[in-house]
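Chemist: Fold the stuff below for me.
(chains A, B, C and D)
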Protein chains: 2
Amino acid sequence: MKSLPPLNALKVFESAARHLSFTKAAEELHVTPGAVSQQIKALEEFIGGRLFRRTKRALLLTDAAQASLPILREAFDKLEEASRILTARGDSKRLTVSVAPSLAAKWLVPRLDRFHERQPEIEVWISADMEVVDFAVDDIDLAIRYGAGRYSGLEVELLMEESILPVCSPRLLQGAHPIRTPHDLAHHPLLHDGSPDQDDMASTNWAMWLKAAGVCDIDAKRGAKFNQSSLVIEAAVAGKGVALAKSAIALADLEAGRLVAPFDLTTPSSFSYYVVHPASKSRNAAVKAFKKWLREEADATTGAHPAAVVAAQ
Amino acid sequence: MKSLPPLNALKVFESAARHLSFTKAAEELHVTPGAVSQQIKALEEFIGGRLFRRTKRALLLTDAAQASLPILREAFDKLEEASRILTARGDSKRLTVSVAPSLAAKWLVPRLDRFHERQPEIEVWISADMEVVDFAVDDIDLAIRYGAGRYSGLEVELLMEESILPVCSPRLLQGAHPIRTPHDLAHHPLLHDGSPDQDDMASTNWAMWLKAAGVCDIDAKRGAKFNQSSLVIEAAVAGKGVALAKSAIALADLEAGRLVAPFDLTTPSSFSYYVVHPASKSRNAAVKAFKKWLREEADATTGAHPAAVVAAQ
DNA sequence: ATTTCGTGTCAGTTTTTCTTAAAGACAAGA
DNA sequence: TCTTGTCTTTAAGAAAAACTGACACGAAAT
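Modeler: Down below sits the predicted model:
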């Protein structure tokens, strides 16, 4: 009849003992110091003795704790090894992510190496689909979708909100017809985003945008149309005209100076980017890690939002 | 950035893999099969792959699971070893139990070897105290108290209810004045329990009991008085008279035939036996194990309750 | 003397784990 | 073939565990 101590308490203890600090352990385990304190206390009550000697100046291990520590560490090393074996042979090292091609090209892929750095053992496969994929059919672990956030039967988390803004090559700001006000657009081709995932709200297309900007004398239909947002951006970078761009897609080119936003005006989109996956994947270690990373990247992106870029230039 | 699987799920998996049976694992872990099933499922979702192949005839391990198993076992062995070190040097191997002397002598001590069999590493110290001990002062882990169950500031669990019944040596059933009805008590000394922990209800002393039995012509004061319940029993066994006994204290002697209950009549006591300890000990492994064992012994005792003995003889 | 840092405690909430109950899958025996 | 029993799975709710946030307290640093 063996009865092991609460395993989480052991894990917490191992960390606290290694750092000789509850606060450090709390950081490592991503919990509050109070949680650590309570776990240690629980373990101390379980074994019926103290683990730490709380002296004036420092936290010291008791003899028993000291003696158990190396063994405890071995135990956790073995657990980690076992875990590696399990996750390696489950297909958990491969994570298949479905993303719209433009977001993949302009946002996800350029950042992906940062994820790889952090989780070298997870191999990310990008599936850039024009259509929305069916989780039941395709073997997709997770998708980033652009829409209104209603995906029934799936777990949904808002990744980033999107906004729309006109962008063009900085060259168009000089020359014969420099762009200073919306009316100046009359002298330049308009580049249209014809990608299927279109916002149904105002200002998602030139007709709407021009109307909202109070410009009536420009033919909103004029100019080229592309079936992918990234192609619209490429055309704009090439100086082919002015594009009505999604900020996330245009961001990298704006930051690099290949594009500028001629007007200090972005309009929010009613559509946003959502991370979506079946509930059955929500505990999957790789999925969780990727979502966490996406969250951080999105926060960073929003921090360096086009609005800031616009203000700066 | 390591992220271990849920540790409890690993423990459950190790057990299930060892038995190749969820049901067996459930028994070993003292949980329901459903709980095991869910833990395994959670772990499978975490690693993103299956652990068992569910074939028609049997449960088989997947390769990954198979490969991880020996390492997992080592890990848990180490954890157990670490746990042993911790509990050994905490004073957790010594458990000090405070009990009323009579219950100790007649009920607890005779059973104690069964606990020792089960938990050889826990050394039980019995402190048989006439007075109620103070947990704060004496170094007591757990107490069994006879009373009304009101012990403020402590965790209390009902162990057994108590009842009172007249008992005497079987020899008194024969002879010049065989005991058949309460009125026959006139010809025999009454043995009085003067132990301090007395029920305040009726029928806890001879005066009350005789009155309840409808006998008015007997002097309830007659006979010897003892300050411990067990001594009253000893006197009864020795044929010195008829004792009004607590059933738990008399049980062993009744079963052994050294005592008999002349009347098919037990009256419940308003006092019961309670297991009591400070809340801080409630997670202590030794305390928990001892309480669990007490519970089982008490259930067994109640099963073979004096009422049954009375009916049988 | 005041601030800062780290531990300890409490109440309340969230998350996890477990049980109960019922369903489904299969094999053995009638 | 039709039970019958054994075992796994699932759903829903209950129970237990873990965590957070707020704050108290003492020691060290400013």
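Chemist: next structured bit after the longest strand seen in chain A?
Modeler: In chain A, assigned by DSSP state E, the strand with the most residues is strand A:154-168. Once strand A:154-168 ends, the next helix or strand along the chain (criterion: DSSP states H and E) is strand A:190-193.
Chemist: Adjacent strands (with direction) for that next one?
Modeler: With DSSP bridges as the test, strand A:190-193 is paired with strand A:225-226 (parallel), strand A:242-246 (parallel).
Chemist: Next, the residues that contact it from outside, please.
Modeler: A:205-206, A:218, A:220, A:222-226, A:229, A:232, A:235-236, A:240-246 (Cβ atoms under 8 Å, 6 or more residues apart in numbering or on different chains). In this view, the C-beta of every residue, glycine as well, is placed from N, C-alpha and C.
Chemist: Next: stretch A:286-301.
Modeler: Contacts for stretch A:286-301 (Cβ under 8 Å, 6+ apart): A:87, A:92-93, A:95, A:97, A:107, A:111, A:114-115, A:118-119, A:122, A:124, A:141-142, A:144, A:157, A:159-160, A:248, A:251, A:273, A:275, A:277, A:281-282, B:1, B:3, B:48.
Chemist: out of those residues, which are inside strands?
Modeler: A:95, A:97, A:124, A:142, A:144, A:157, A:159-160, A:273, A:275, A:277.
Chemist: Adding neighbour count, distance to DNA strand D and pLDDT, write those residues out as CSV.
Modeler: Formatted as CSV, the ones in strands among the contacts of stretch A:286-301 follow (neighbours: other Cβ atoms under 10 Å in any protein chain shown; distance: Cβ to the nearest atom of the strand, whole Å; pLDDT from 0 to 100):
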residue, neighbour count, distance to DNA strand D, pLDDT
A:Leu95, 24, 23, 89
A:Val97, 22, 25, 93
A:Val124, 20, 27, 92
A:Leu142, 24, 21, 91
A:Ile144, 20, 26, 92
A:Glu157, 15, 18, 87
A:Leu159, 24, 22, 90
A:Met160, 23, 23, 90
A:Tyr273, 26, 25, 91
A:Val275, 22, 21, 91
A:His277, 23, 17, 90
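Chemist: Pick out the most distant pair among those residues.
Modeler: Within the ones in strands among the contacts of stretch A:286-301, A:Leu95 and A:Met160 form the most distant pair, 19.8 Å apart (Cβ to Cβ).
Chemist: Let me know the angle separating the helix or strand that A:Pro268 is a member of from strand A:154-168.
Modeler: Under the criterion of DSSP H and E, A:Pro268 resides in strand A:267-278. Put simply, strand A:267-278 runs at 150 degrees to strand A:154-168, going by axes from the mean of the first three to the mean of the last three Cα atoms, to 10 degrees.
Chemist: So what touches strand A:267-278?
Modeler: If you take Cβ under 8 Å, 6+ apart as the criterion, strand A:267-278 is touched by A:103, A:135, A:141-149, A:151, A:153-165, A:197, A:199-204, A:209, A:212, A:246, A:248, A:287, A:291, A:294, A:298.
Chemist: same for DNA strand C: which of those residues are within range?
Modeler: The subset of those within reach of DNA strand C, by Cβ under 7 Å from any atom of the strand, is empty.
Chemist: Check these for burial and list the buried ones.
Modeler: Buried subset of the contacts of strand A:267-278 (neighbour count, 16 or more other Cβ atoms under 10 Å in any protein chain shown): A:103, A:135, A:141-147, A:151, A:154-155, A:159-165, A:197, A:199, A:203-204, A:209, A:246, A:248, A:287, A:291, A:294, A:298.
Chemist: tell me the mean pLDDT over the helix or strand just after the strand holding A:Pro268?
Modeler: Where DSSP H and E defines the elements, the next helix or strand beyond strand A:267-278 is helix A:285-303. When pLDDT is averaged over helix A:285-303, the result is 86.
Chemist: and the angle for helix A:285-303 with strand A:154-168?
Modeler: 30 degrees.
Chemist: and helix A:285-303 with DNA strand D, contact?
Modeler: No. Against DNA strand D, helix A:285-303 shows no contacts by Cβ under 7 Å from any atom of the strand, the least distance being 13.9 Å.
Chemist: chain center to that helix, what's the gap?
Modeler: 3 Å (Cα atoms, centre = their mean, to the nearest Å).
Chemist: quick one: buried residues of it?
Modeler: A:285-287, A:289-291, A:293-294, A:297-298, A:301.
Chemist: And those residues, which is closest to DNA strand C?
Modeler: Checking those against DNA strand C by Cβ to the nearest atom of the strand gives A:Ala285 as the nearest, at 12.2 Å.
Chemist: How about the contacts made by the closest one?
Modeler: Neighbours of A:Ala285 in contact, by Cβ under 8 Å, 6+ apart: A:87, A:92, B:3, B:5, B:46-48.
Chemist: May I see the PyMOL selection of the buried members of those residues?
Modeler: For the buried members of the contacts of A:Ala285, the matching PyMOL selection, counting by 16+ other Cβ under 10 Å, is:
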select buried, (chain A and resi 87+92) or (chain B and resi 5+46+47+48)
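Chemist: Tabulate the contacts of A:Ala285 (CSV), appending distance to B:Val260 and pLDDT.
Modeler: As requested, these are exported to CSV (distance: Cβ to Cβ, whole Å; pLDDT from 0 to 100):
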residue, distance to B:Val260, pLDDT
A:Thr87, 69, 83
A:Ser92, 71, 58
B:Ser3, 68, 77
B:Pro5, 62, 92
B:Phe46, 63, 92
B:Ile47, 65, 89
B:Gly48, 69, 86
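Chemist: Mind picking the two most distant members of the contacts of A:Ala285?
Modeler: B:Ser3 and B:Gly48 (12.9 Å).
Chemist: and A:Leu4, what does it touch?
Modeler: Contacts of A:Leu4 (Cβ under 8 Å, 6+ apart): B:11, B:76, B:79-80, B:83.
Chemist: Dump the strands paired with strand A:190-193 to CSV, plus mean pLDDT and distance to B:Glu131.
Modeler: Shown next, in CSV, are these (pLDDT from 0 to 100; distance: least, Cβ to Cβ, whole Å):
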stretch, mean pLDDT, distance to B:Glu131
strand A:225-226, 82, 92
strand A:242-246, 89, 81
